[in-house]
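[1] Coordinates only, no sequence provided:
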Ligand code: ADP
């Protein structure tokens, strides 16, 4: 009875993030994402995680978020699917305020791979096709190939029909990351948000994945934001680099803009890393 009470308490809890009355659908499939004067503080924290953020991620472009840990990069990604509401300022996607959009519609346009990858206690195939139930076996395999996951998945005891177990315990961190990227590839998303997508991969796989991610982005004209600690990767992969520190954007520009201005924190970080 004690357990049942707790379960029902949980089921009765209303989500903090709800649809607005008359919430609309996102109808722009080539959306630009615009942050205007955004301030954000986590409930559990006294300090602001984001401070007066103004920023545009143009549709069809790759934006890299770089900068030291705790700078606010993951928070920027988490606000776009509205995992949290901002305290002030607006976030628009395709020119529509995300608070006026239905969560279902907003999130159906977005694929996100966070650092904490969720795997379901089901088969590999179901895990990859989680957001695209109509995906065929061929779609699933093509996505896994693009995500450099096909070889190890095909070698599992039952191949794509192998159960991954609770939280994907039978896969390594890098393998889970690749399955999560395959899940994004199947979705063909309008907006792709990746938190350190290549962090757990070795050099060869990183090179493969860079090419595949660029190809995915170009094929679907995806608005692509990703976090990286590798500044040379940011230079190669992105149209725009945003340097974040202490909840602010210190600089936003193309790799050329930032790299050829030696006084910039971006280059200071780059040189620091090389040393
Ligand atoms: P980054 O991705 O650049 O490492 P984060 O966006 O994760 O930075 O964190 C920004 C700030 O918000 C940090 O000070 C961090 O401690 C804080 N923070 C992040 N997540 C939470 C949370 N769930 N609750 C409270 N504070 C958080």
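    Looks like it arrived, so ask away. Since we're looking at a predicted model, the values are computed, not measured.
[2] So which bits of the helix or strand in which residue 224 is found are buried?
    Under the criterion of DSSP states H and E, residue 224 resides in strand 223-227. Under the neighbour-count criterion of 16 or more other CB atoms under 10 Å, strand 223-227 has 223-227 buried. The C-beta positions use only the backbone N, C-alpha and C, and glycine is treated the same way.
[3] Within range of the ligand, give me the residues from the protein.
    Counting by CB under 6 Å from any ligand atom, the chain comes close to the ligand at 42, 44-45, 49, 69-75, 244.
[4] Buried among those residues? Need that as a selection in PyMOL.
    Restricted to buried positions by 16+ other CB under 10 Å, the PyMOL selection for the residues of the chain next to the ligand reads:
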select buried, resi 49+71+72+73+74+75+244
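[5] farthest pair in the residues of the chain next to the ligand?
    44 and 244 (20.6 Å; CB to CB).
[6] Make TSV from the residues of the chain next to the ligand and add pLDDT and secondary structure to it.
    Listed next are the residues of the chain next to the ligand as TSV, based on pLDDT from 0 to 100; DSSP: H, G, I helix; E, B strand; the rest coil:
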residue	pLDDT	secondary structure
42	96	coil
44	88	coil
45	90	coil
49	96	coil
69	90	coil
70	92	coil
71	93	coil
72	95	coil
73	95	helix
74	95	helix
75	96	helix
244	92	strand
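[7] from the residues of the chain next to the ligand, which single one is nearest residue 193?
    Nearest to residue 193 among the residues of the chain next to the ligand, with distances taken as CB to CB, is residue 74, at 9.8 Å.
[8] Next one: the closest residue to the closest one other than its chain neighbours, what pLDDT does it get?
    Closest residue to residue 74 apart from its sequence neighbours, by CB to CB, 6 or more residues apart in numbering: residue 195 at 5.7 Å. Listed pLDDT for residue 195 reads 92.
[9] contacting residues for residue 195?
    Applying CB atoms under 8 Å, 6 or more residues apart in numbering to residue 195 gives the contacts 73-74, 77, 112-115, 226-227.
[10] measure it to residue 6 for me?
    Per CB to CB, to the nearest Å, residue 195 is found 31 Å from residue 6.
[11] Over to residue 82?
    27 Å.
[12] who's more crowded, those two?
    Per other CB atoms under 10 Å, whichever of residue 82 and residue 6 has more neighbours is residue 82, with 20 against 10.
[13] Figure out the helix or strand that the more buried one lives in.
    Using DSSP H and E, no helix or strand contains residue 82.
[14] close enough to count as contact, it and residue 100?
    No - using CB atoms under 8 Å as the test, residue 82 is too far from residue 100 to be in contact (10.9 Å).
[15] list residues touching both of these two?
    If you check residue 82 and residue 100 against CB under 8 Å, 6+ apart, no residue is contacted by both.
[16] which residues touch the top helix by length along the chain?
    The residue-count maximum for a helix in the chain (DSSP state H) belongs to helix 203-220. Residues outside helix 203-220 that contact it (CB under 8 Å, 6+ apart): 60, 62, 146-148, 174, 178, 181, 184-185, 188-190, 192, 194, 197-198, 201, 222, 224, 233, 236-237.
[17] change it to 6 Å
    62, 146, 148, 185, 188, 198, 224, 237 (CB atoms under 6 Å, 6 or more residues apart in numbering).
[18] next one: that helix to chain centre, how far?
    15 Å (CA atoms, centre = their mean, to the nearest Å).
[19] Could you number the chain from 2 rather than 1 from now on?
    Renumbered: residue one is now 2, and that last one reads helix 204-221.
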